[in-house]
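J.: Turn this into a model:
(4 chains)
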2 protein chains.
Amino acid sequence: MEKYRRFNIKLTPQRIAIFDYLEGNKNHPSAEDIYKAVKKQFSTMSFATVYNTLEALREKGNVRELKIDEHKKRYDPDMSPHHHVICTKCNVIHDVFSDIGVHLPDEVSKGFDISGKSIEFFGVCRKCKY
Amino acid sequence: MEKYRRFNIKLTPQRIAIFDYLEGNKNHPSAEDIYKAVKKQFSTMSFATVYNTLEALREKGNVRELKIDEHKKRYDPDMSPHHHVICTKCNVIHDVFSDIGVHLPDEVSKGFDISGKSIEFFGVCRKCKY
DNA sequence: AATTTAGTTTAGAATAATTATAATTTAAAA
DNA sequence: TTTTAAATTATAATTATTCTAAACTAAATT
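T.: Have a look, this model is predicted:
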């Protein structure tokens, strides 16, 4: 009955706490965000566990690593196809659900076998522009 | 007659060597690539100078910082609008010149004042697939 | 249920990229 | 030529991330 069995990785209490934190999370948290949140329940939680768990999830296609923030990786548990806007002032990231059909002419893809794409928008969020 | 006057930053021999290295460079070099190349002429060149110069160029809109490579920033002196494909095996980055007109519906941009976008394609380059 | 084992957790050290510091030097303005 | 504001340098500091090796534990096997 464990809802996280589908991840096909060994379940530990620490991992379950991380999964719970990530589930439905729209904040695109960093490893540190996750670490801080989960440390409240597991005071011995280490960064290594956070990174190991994220890597295990990523391998199985259950979390996406975002390279959009200049200073650190951010993680997105929403695996449905979507893009992101990042605020250039406060670094908040919002989802962009929009069917952006980019067709890449062959002569432009330089012989690459293209397997994915990622679109980031930059701008100033409502809060930061007052 | 200095061709780099247009950058509007103080010209030093070290900076000029960096500019020369970047000019027309299609390799999307990292700070280390630049450092190694320029150190051949200036054996005392330091990383700080590379980063300072890149930051000065960036401020004036003469180089673009690419966050596409997972491990380090890469720099692109080509400021004309274009996108990138990165090889997931060897990390080589190629330019994609293609007019990708993404129109973002208002209800989807969540109140952001959008000032730019960046599209990355992922795939395997010709060399890596043999 | 007890044992085994392969994988996980942990604290802490190591690494890698980048940024900061502070003394010295230098481009270019006066 | 002098002045000055900014750049260069070696080095230290910082930050994110990865590694290590010993202790632990989930879950497979008996």
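
J.: Which single strand of chain A contains the most residues?
T.: Taking DSSP state E as the criterion, chain A has its longest strand at strand A:113-124.

J.: Paired strands for that one, with orientation please.
T.: Taking DSSP bridges as the criterion, strand A:113-124 sits next to strand A:83-87 (parallel), strand B:113-124 (antiparallel) in its sheet.

J.: ranking those strands by burial, who's on top?
T.: Of all the strands paired with strand A:113-124, strand A:83-87 carries the top mean neighbour count, a mean of 21, counting by mean count of other C-beta atoms under 10 Å in any protein chain shown. Glycine gets a C-beta too; all of them are placed from N, C-alpha and C.

J.: From residue B:32, how far off is residue A:26?
T.: Residue A:26 sits at a distance of 36 Å from residue B:32 (criterion: C-beta to C-beta, to the nearest Å).

J.: Ignore what I typed, I meant residue A:8.
T.: For residue A:8, the distance to residue B:32 - C-beta to C-beta - is 38 Å.

J.: hmm, back to that, pLDDT of the longest strand of chain A, averaged?
T.: Averaged over strand A:113-124, pLDDT sits at 89.

J.: Can I get that strand in CSV? Just the C-alpha atoms.
T.: What follows is strand A:113-124, C-alpha atoms only, in CSV (Å, rounded to 0.1, in the frame of the first residue of the first chain):
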residue,chain,number,x,y,z
ASP,A,113,19.8,13.2,-32.6
ILE,A,114,17.6,15.4,-30.6
SER,A,115,15.9,13.9,-27.6
GLY,A,116,14.5,16.9,-25.7
LYS,A,117,14.3,20.6,-25.3
SER,A,118,13.8,23.0,-22.5
ILE,A,119,12.5,26.6,-22.8
GLU,A,120,13.2,29.2,-20.1
PHE,A,121,11.7,32.6,-20.0
PHE,A,122,13.3,35.4,-18.0
GLY,A,123,11.6,38.4,-16.6
VAL,A,124,10.5,40.2,-13.4
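
J.: Send over the helix or strand just after it as PDB, restricted to the C-alpha atoms.
T.: Note on strand A:113-124: by DSSP states H and E, the next helix or strand toward the C-terminus is helix A:126-129. What follows is helix A:126-129, C-alpha atoms only, in PDB (Å, rounded to 0.1, in the frame of the first residue of the first chain):
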ATOM      1  CA  ARG A 126       4.700  40.600 -10.100                       C
ATOM      2  CA  LYS A 127       6.000  40.900  -6.600                       C
ATOM      3  CA  CYS A 128       9.400  42.200  -7.600                       C
ATOM      4  CA  LYS A 129       7.900  44.900  -9.900                       C
END
